[in-house]
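S.K.: pasted the sequence and its predicted model underneath.
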Amino acid sequence: MSTASMIATIALALIFLSASSLKLFKVKQSLEIRDHLGRTPRQWTAIGLVELAGVAGLLVGFAYQPLATLAAIGLGLMGIGALASHVQAKDGPAESVAAVLAVALAVLALVFYATT
């Protein structure tokens, strides 16, 4: 794994570790976002668990590259889903920036994986 792909992987893992932690620890701001987006508590917890599994996949991917690729694809799809939820809620760019960043980092990581 190249240095660039390691940096992209770590950044992607940190974004989703943060997002999943906010959901799983039921941080007030996260619960407000959940309610704004119209998700149930059960859905929010499930999303947090899937995000956490993706982070684990990225980290194990340092030892087994194909798993990092699959995890980055999954997390990129999670970011697209988050972006779609923000669009559906008619949110502006400020509310959607984290989702856009997550998708961009996932794509960047995948590009780096493909070139190494």
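M.R.: Okay, I see it.
S.K.: burial of residue 94, as a residue count?
M.R.: Residues lying near residue 94 (other C-beta atoms under 10 Å) number 7. C-betas here are computed from N, CA, C, even on glycine.
S.K.: can you tell me the average pLDDT over the helix or strand harbouring it?
M.R.: Per DSSP states H and E: residue 94 is located in helix 93-115. Helix 93-115 carries an average pLDDT of 95.
S.K.: list the buried residues in it.
M.R.: By neighbour count with 16 or more other C-beta atoms under 10 Å, helix 93-115 contains the buried residues 96, 98-99, 102-103, 105-110, 112-113.
S.K.: from those, which single one is nearest residue 16?
M.R.: Of all those, the one with the least separation from residue 16 (C-beta to C-beta) is residue 102, at 6.9 Å.
S.K.: ok, and the closest non-adjacent residue to that closest one?
M.R.: On the basis of C-beta to C-beta, 6 or more residues apart in numbering, the spatially nearest residue to residue 102 that is not a chain neighbour turns out to be residue 79, at 3.6 Å.
S.K.: isn't the one you found up against residue 96?
M.R.: No - counting by C-beta atoms under 8 Å, no contact exists between residue 79 and residue 96, whose distance comes to 10.2 Å.
S.K.: what's next to stretch 105-116, contact-wise?
M.R.: 1-2, 4-5, 8-9, 11-12, 15, 65, 68-69, 72-73, 75-76, 79 (C-beta atoms under 8 Å, 6 or more residues apart in numbering).
S.K.: which ones are touching residue 33?
M.R.: Applying C-beta under 8 Å, 6+ apart, we find residue 33 in contact with no residue.
S.K.: now residue 6
M.R.: Remark: with contacts taken as C-beta under 8 Å, 6+ apart, residue 6 is in contact with residue 62.
S.K.: contacting residues for residue 87?
M.R.: Contact analysis of residue 87 by C-beta under 8 Å, 6+ apart lists residue 96.
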